[in-house]
Every structure is written in C-alpha cells, then in structure tokens.
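A.B. asks: Okay, here's the prediction I keep looking at, along with the sequence it came from:
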Amino acid sequence: MEQNTARVGVFDSGIGGLTVLSACRRIFPSPEYLYYGDNPNAPYGAKSEAEILRLVRDAVGKLCEEGVDAVVLACNTATAVCAEALRSEFSVPIIGMEPAVKPAAATCKRLLVLATPRTAESERLRKLVSASAARCDITVHAAPRLAGCIERALSFGEPLRLCEHLPQGDYDGVVLGCTHYVYMKREIGDFYRARVFDGNEGAANRLRSLLGKRISGTDDHPINRACFGGGEVIFLGNGAETNKKLYNTNKCFIKF
Ligand code: DGL
C-alpha cells in the first residue's frame, strides 16, 4: 500500500533539537513529527563516546519502534560521535547536523566555532575546518558547560551568564556547533558583534529533499502536500512534559 504520510523522528539530548524541529516544520511541514529529548541524561557533550552511543542507539531504536521513515539527529554531539555507526545499524535514513562552517567561511575572515567538547574534538569537525582553513582563520572553542546551562536556564529558570562561557576574541563570524546554542543566537551575535550561523536549515533541507522524493515521488510538491497528514508534534521520553511546555511557550524558541 502506498504510504502518503511521512513520520519523522527528531532526537536531541534535551531541548536543543526543538530549534531544529522548528526549522523542519517550517521548511517541510507535511510529515508527522515525533520528538525525543533525552532530558534526564542531558547534557551529553562531555560524556564518553561509548555512553553517548548507548543513549542515542536506545533513542533511535525507540523512534524506529514508532515506525518513523527517517530520524533527524538534531544534536551535533550525537552526530559527531555516532551517526556513522547508527547508519550501519538502522535501516531508516539518519540525517545528522553539520556545523555551518562552509557557508560561514565563504563570507567571513575570522571565524569562531563553538561546540561541546565531544564535537570540538571530533574528526568530523576537524575535516570541515581543514576544508575551509584556506579561506579564513578558524578557531574552535569547546564550551564544556554551556549546553547544560542553557538547558537548565530554559527548563527551570536558572540564571545564565553567557559571558562566562564565551571566549574573548575578535571574530566577524560565529558558527554554532550545538543546537542548544541556537536559543542564544541573537545574544551571541551581540556579544561578538558578528554574524552567527547554525546548521538547522541545512538539516531541514536535507530531510525534505530525502523524504520528499522517497515518500511522494517528487520533492514535496505543493500538490502532494494535500494528501500528507501533518499535525501536532508527538513528544516521547521522560522529559516529554518539559519539551512540550517549552515547544508551546518558550519565547526564545518561538522566535525561530
Ligand atoms: N544539543 C546537542 C548538540 O548539538 C547536545 C548538547 C549536550 O547535550 O551537551 O551538541
């Protein structure tokens, strides 16, 4: 039987992936979205690779049990550590995050890449940076506590002093290598007086080009949208209540 409603699972260690979900719903509104935020185990950024793989594998498994057609790893850390391993274990397409180094390097001269420790030290980011190093000067900074502080500030109202996490420096571009940082995009831009780049639209576009073709036979053509389901996001996991509250009410989030 021909399937005409796509189901997409979106995963993050916590609330950061909601910013990616927002981009996906804007750019590719027709699928039914399931969001799994592993809030009780967030943040992931300084955990061991083995532990991150165990947690993400478990989450992707749960999304697959729900019959998703694709999974978006809306987490740079999970992508850097385990996207390749999971692609060989699961049959559904797995779309990862790519820090927007390439587009940023095309227009900036001094670039700062902010990321979690696991992403900052990853081979994946190293390759991205070296591919653009001839075009501009790139500094990668690991911020060990920033994602956790953003998670707690937005979920529980804990105070957040951004300047304690950001390195001093003169940059004309900043790449956000963690989806939690996207909530602070404007503030980070103000801090450096620089342009700020994230990979959210890139991930949403990859999802659309992949599933638009796979499910409907065309690239999510408007005519086909009519027979797609769409609808509300389904929240999974122990932190589902937090995600839902945030998705519906967080002002920072609604801006996206
Ligand atoms: N939002 C995630 C990322 O993009 C994870 C941050 C964390 O849990 O440390 O890296």
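C.D. replies: Now that the structure is in, tell me what you want to look at. These numbers come from a predicted model, not from an experiment. Residues are numbered from 1 along each chain as shown.

A.B. asks: how about residue 36, what does it touch?
C.D. replies: Residues counted as contacts of residue 36 (Cβ atoms under 8 Å, 6 or more residues apart in numbering) are 9-12, 59, 62-63, 235-237. In short, each C-beta sits where N, CA and C put it, glycine included.

A.B. asks: For my notes, confirm it occurs in a strand.
C.D. replies: Yes: the assignment for residue 36 by DSSP: H, G, I helix; E, B strand; the rest coil puts it in a strand.

A.B. asks: what about residue 168, which SS state?
C.D. replies: For residue 168, the secondary structure call by three-state DSSP comes out as coil.

A.B. asks: list the contacts for it?
C.D. replies: So, once contact is read as Cβ under 8 Å, 6+ apart, residue 168 ends up touching nothing.

A.B. asks: What is the burial count for residue 128?
C.D. replies: The number of residues packed around residue 128, counting by other Cβ atoms under 10 Å, is 22.

A.B. asks: Next: the one 10 residues further on.
C.D. replies: Residues lying near residue 138 (other Cβ under 10 Å) number 21.

A.B. asks: In helices, which of the contacts of residue 36 fall?
C.D. replies: The helices, defined by DSSP state H, take in 59, 62-63 from the contacts of residue 36.

A.B. asks: I'd guessed residue 167 sits against residue 112; true?
C.D. replies: Yes: the pair residue 167 and residue 112 passes the contact test of Cβ atoms under 8 Å, sitting 7.3 Å apart.

A.B. asks: Now the common contact residues for these two.
C.D. replies: Taking Cβ under 8 Å, 6+ apart as the contact rule, the neighbours common to residue 167 and residue 112 are 139, 141.

A.B. asks: quick one: which of the contacts of residue 36 is most hemmed in?
C.D. replies: For these, the largest neighbour count, defined by other Cβ under 10 Å, is 34 neighbours, found at residue 12.

A.B. asks: Tell me the predicted confidence for that residue.
C.D. replies: Model confidence at residue 12, expressed as pLDDT, equals 97.

A.B. asks: Could you list everything it pairs with in the sheet?
C.D. replies: Going by DSSP bridges, residue 12 is paired in beta bridges with residue 37.

A.B. asks: Residue 234 too?
C.D. replies: Each beta-bridge partner of residue 234 is listed here, defined by DSSP bridges: residue 34.

A.B. asks: Enumerate every residue touching it.
C.D. replies: Taking Cβ under 8 Å, 6+ apart as the criterion, residue 234 is in contact with 32-35, 66.

A.B. asks: Out of those, the closest to the ligand would be?
C.D. replies: Proximity to the ligand was ranked across the contacts of residue 234 by Cβ to the nearest ligand atom; first place goes to residue 35, at 12.9 Å.

A.B. asks: State the distance from that closest one to residue 121.
C.D. replies: Residue 35 sits 28 Å away from residue 121 when distances are taken as Cβ to Cβ, to the nearest Å.

A.B. asks: Looking only at neighbour counts, state which of those two leads.
C.D. replies: With neighbours defined as other Cβ under 10 Å, residue 35 and residue 121 compare such that residue 35 has more, 27 against 13.
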